[in-house]
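Asker: Just a sequence and a predicted model for now, questions to come.
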Amino acid sequence: MRAEDLPPDAPGHYQQSHPDPYYIPEKLPLSSRVEIDEDLTATISDATFQLGRIDGISPTVDFSPVLYTSLLRLEAVETAEIEGADVEMDEVYAYHTRQKSGSSGRVSRDLQEVLNAERALSDGFDAIKQGESISVELLKSLHETLLDGVRNEGDVVGEWRDDDVHIPSPRPGQSPFVPPPADHVSELMDSLEAYIQMDGEYHSLVDLAITHYQLETIHPCSDGNGRLGRILIVLQLHKAGYLSEPYLYPSAYFNRNKQEYVETMRAVSEEGQWRDWIAFFIKGIEEQAKDSYERTFELLELRREYEAQYPNQKTSHKLARELFELPYFTADNITDRFDVSRQTAYNAIEELESDGIVIEVTGKQRNREYKAIDVFDILERPVQR
């Protein structure tokens, strides 16, 4: 689209550059009012209901810290996958299990990206819980964490970019999208920070859609913009009172709908199509909150089944009941947790292996590792829509 073809409703303008023009979004707040119709109001209501359900049930489970750690790791895996990483949940749990015993071993670049995303989301959430505001400085700090050990040559880390970026279009034949030049980034990000800190102008979920669009359109970093933006979603949901812990993993929705994600944002820039973007974005919040609730409920039901099936004080029974707090483990973890001998630990593990409750995952004869089959099936299954 040529610069002169942008309609009056477009929330920005093109600035000529070769071979493709820069797109420079207007500063927030928006100069044109976003209209919220009945259908969009219903979408907001549905998402709010689902967020209330997940934040209502999750803190009540007695393995709540493990639950939100698992959901946080799901978010880390999904957000890295969008950027091309290929890591399974098993690998993340295996790393943490080995790290506790001082033998984490070599870490691939893909796994490092996941671990960085996990740490950045955790650090950011903790900062907001402790009263820190969502600020430019916090975002820069989280960006530095995201790219720790995985930066590409020339990437600027922990600061805004100093060069141009070009975002390829998913649509064949369409020109790339070129965010604003580097000398515009600081001013635009300062206005975004001010808008977030003043709590916006609309319903908080609508403002969340607006600020996510703004961050991704500014594209303030050399790399890691998508990962940073998706972390910001979870931080803003906490700040707005929707999440007491990071029980939501929004990246899975954007991963499932990559092309629509890119195209609806571009339609905002070039056509002023706010309604479609906001509806798409908030629908994602609703779907992911519903999915988190369903996984939590399934884990609770599985916990009840195990409590009925393994009711006594045998080590194997105690282990079955505690798989929700220890879904990936070694024999040493069992000896330490239950203060039993290694032979007793192995006997307990073998009993649960024979019952199909746990499985050995390394294929080794020594230094074996085990995972809870049913727990991981719930955590790793595709979203049920």
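Answerer: Nice, thanks for sending it over.
Asker: next one: stretch 24-41 to chain centre, how far?
Answerer: 25 Å (Cα atoms, centre = their mean, to the nearest Å).
Asker: Can you name the element that comes right after the lowest-mean-pLDDT helix or strand in the chain?
Answerer: When each helix and strand of the chain is scored by mean pLDDT, DSSP states H and E, helix 64-82 comes last, with a mean of 84. Scanning forward in sequence from helix 64-82 by DSSP states H and E, the next helix or strand is helix 89-100.
Asker: returning to what we had before: okay, angle between the least confident helix or strand of the chain and helix 89-100 too, please.
Answerer: 120 degrees (axes from the mean of the first three to the mean of the last three Cα atoms, to 10 degrees).
Asker: which parts of stretch 232-242 are buried?
Answerer: For stretch 232-242, the neighbour count (16 or more other Cβ atoms under 10 Å) marks Leu232, Ile233, Val234, Leu235, Gln236, Leu237, His238, Lys239, Ala240, Tyr242 as buried. C-beta here means a position set from N, CA and C on the backbone, and glycine is covered the same way.
Asker: Stretch 334-353 now?
Answerer: In stretch 334-353, counting by 16+ other Cβ under 10 Å, buried: Ile334, Thr335, Arg337, Val340, Thr344, Ala345, Ala348, Ile349, Glu351, Leu352.
Asker: who are the neighbours in contact with the third one?
Answerer: Okay, so that is Arg337. Arg337 sits next to Glu322, Leu326 when contact means Cβ atoms under 8 Å, 6 or more residues apart in numbering.
Asker: Quick one, grab the pLDDT at it.
Answerer: Listed pLDDT for Arg337 reads 95.
Asker: Okay, and it sits in which element?
Answerer: Per DSSP H and E: Arg337 is located in helix 331-338.
Asker: Packing partners of the next helix or strand after that helix?
Answerer: Under the assignment DSSP H and E, the closest C-terminal helix or strand after helix 331-338 is helix 342-354. Helices and strands touching helix 342-354, by 3 or more Cβ pairs under 8 Å, 6 or more residues apart in numbering; DSSP states H and E, are helix 315-321, helix 331-338, strand 358-360.
Asker: and the shortest one, what does it pack onto?
Answerer: With contacts defined as 3+ Cβ pairs under 8 Å, 6+ apart, the packing partners of strand 358-360 are helix 342-354, strand 370-372.
Asker: Mind putting those into TSV with distance to Tyr253?
Answerer: Formatted as TSV, the helices and strands packed on strand 358-360 follow (distance: least, Cβ to Cβ, whole Å):
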stretch	distance to Tyr253
helix 342-354	34
strand 370-372	26
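Asker: Next, format these as a markdown table and append distance to Lys100 and mean pLDDT.
Answerer: Converted to a markdown table, the helices and strands packed on strand 358-360 look like this (distance: least, Cβ to Cβ, whole Å; pLDDT from 0 to 100):
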| stretch | distance to Lys100 | mean pLDDT |
| --- | --- | --- |
| helix 342-354 | 16 | 97 |
| strand 370-372 | 15 | 96 |
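Asker: Figure out how far the longest helix seen in the chain is from the centre of its chain.
Answerer: What stands out as the longest helix in the chain, according to DSSP state H, is helix 274-309. The chain centre lies 14 Å from the centre of helix 274-309; the measure is Cα atoms, centre = their mean.
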